[in-house]
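Chemist: this one's structure only:
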């Protein structure tokens, strides 16, 4: 795959990984649609790009997943097509199961899972019509294994893997590609913006996130994986070993994660 002359749509584009992807792609010969709930932040990011005329802003909320057909129609109208959808929008969680109200689990599923698949399903007829399209889905290493304090978040990420693996199989005949991106720790505000048990924000950083990959390095490695049309890409530091421990030595991973006391 090449990004040249492509129309690329990025959700969760107002900060963190999404912002890093916008800044990296804006240096290339492509057009970009940037989306999140925060229109003011999107406008600021657009002005940071070398060719702001190649950036279109489309604010919306993933939680409003009943409106995705209209959102997709608007997106297509901006540059006449969409070639690559980078599903990056979402929220995280930091609370024990016993302390987490079910409303928090519901919100995580509505935004991280239902919002993402509703948007992707609404765009699918466009991809089928063009006999071409690519979904890149930012899940997590925790879409492959789990740890304490993130049960609802991990549930949504595991669900994304199940859905998009099926999408890849069903629409291979339509030349629709799926790349699942599984980040480890990346130095973003994901922990600060994570929900705690009562649904409020954690508002604090954690050491593991702070010591994670830089957004620039992560974005570079993610875009390389998309260009290579990988099925899955694990991007992080030593934490990616958890994927292989889960597969071959699940009890060892269990003991390791408990001892690590990751928050």
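Modeler: Nice, I can see it. This one's a predicted model, so the numbers in the text were calculated from it and none came from an experiment.
Chemist: for residue 72, list the residues it contacts.
Modeler: Shown in contact with residue 72 (C-beta atoms under 8 Å, 6 or more residues apart in numbering): 82, 119, 122, 123, 126. Placement of C-beta: from N, CA and C, glycine included.
Chemist: per-residue pLDDT, it?
Modeler: pLDDT for residue 72: 98.
Chemist: how near is it to residue 214?
Modeler: Using C-beta to C-beta, to the nearest Å, one gets 32 Å for the distance from residue 72 to residue 214.
Chemist: now residue 250
Modeler: On the measure of C-beta to C-beta, residue 250 and residue 214 end up 31 Å apart.
Chemist: quick one: low-confidence parts of this structure?
Modeler: Applying pLDDT under 70 to the chain flags the ranges 261-263.
Chemist: the longest strand seen in it packs against which elements?
Modeler: In the chain, with assignment by DSSP state E, the single longest strand is strand 176-183. Counting contacts by 3 or more C-beta pairs under 8 Å, 6 or more residues apart in numbering; DSSP states H and E, strand 176-183 is packed against helix 116-130, strand 133-138, helix 151-170, helix 215-227, strand 232-235.
Chemist: need those in JSON lines (columns: mean neighbour count and distance to residue 106).
Modeler: Listed next are the helices and strands packed on strand 176-183 as JSON lines, based on neighbours: other C-beta atoms under 10 Å; distance: least, C-beta to C-beta, whole Å:
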{"stretch": "helix 116-130", "mean neighbour count": "19", "distance to residue 106": "15"}
{"stretch": "strand 133-138", "mean neighbour count": "24", "distance to residue 106": "21"}
{"stretch": "helix 151-170", "mean neighbour count": "19", "distance to residue 106": "8"}
{"stretch": "helix 215-227", "mean neighbour count": "18", "distance to residue 106": "29"}
{"stretch": "strand 232-235", "mean neighbour count": "19", "distance to residue 106": "27"}
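Chemist: for residue 16, which of those is the nearest?
Modeler: helix 215-227 (6.6 Å; C-beta to C-beta).
Chemist: roughly how far is the closest one from the heart of the chain?
Modeler: Computed by C-alpha atoms, centre = their mean, to the nearest Å, the separation of helix 215-227 from the middle of its chain amounts to 13 Å.
Chemist: name the residues that touch that helix?
Modeler: Helix 215-227 has contacts (C-beta under 8 Å, 6+ apart) with 1-3, 16-17, 19-21, 23-25, 84, 86, 134, 136, 138, 179, 181, 183, 186-188, 213, 233, 235.
Chemist: same question for stretch 88-99.
Modeler: Contacts for stretch 88-99 (C-beta under 8 Å, 6+ apart): 10-13, 17-18, 21, 35-36, 62, 100, 104, 107-108, 111-112, 115-116, 138, 148-153, 156, 190-191, 193-197, 202, 206, 263.
Chemist: how long is it end to end?
Modeler: 27 Å (C-alpha to C-alpha, to the nearest Å).
Chemist: and what of stretch 45-64?
Modeler: Stretch 45-64: ends 24 Å apart by C-alpha to C-alpha.
Chemist: and what of stretch 120-139?
Modeler: 14 Å.
Chemist: which residues are contacting that stretch?
Modeler: Outside stretch 120-139, the residues touching it (C-beta under 8 Å, 6+ apart) are 1, 12, 17, 68-69, 71-72, 75-76, 81-88, 90, 116, 157, 160-161, 164, 167, 171, 174-183, 222, 226, 229.
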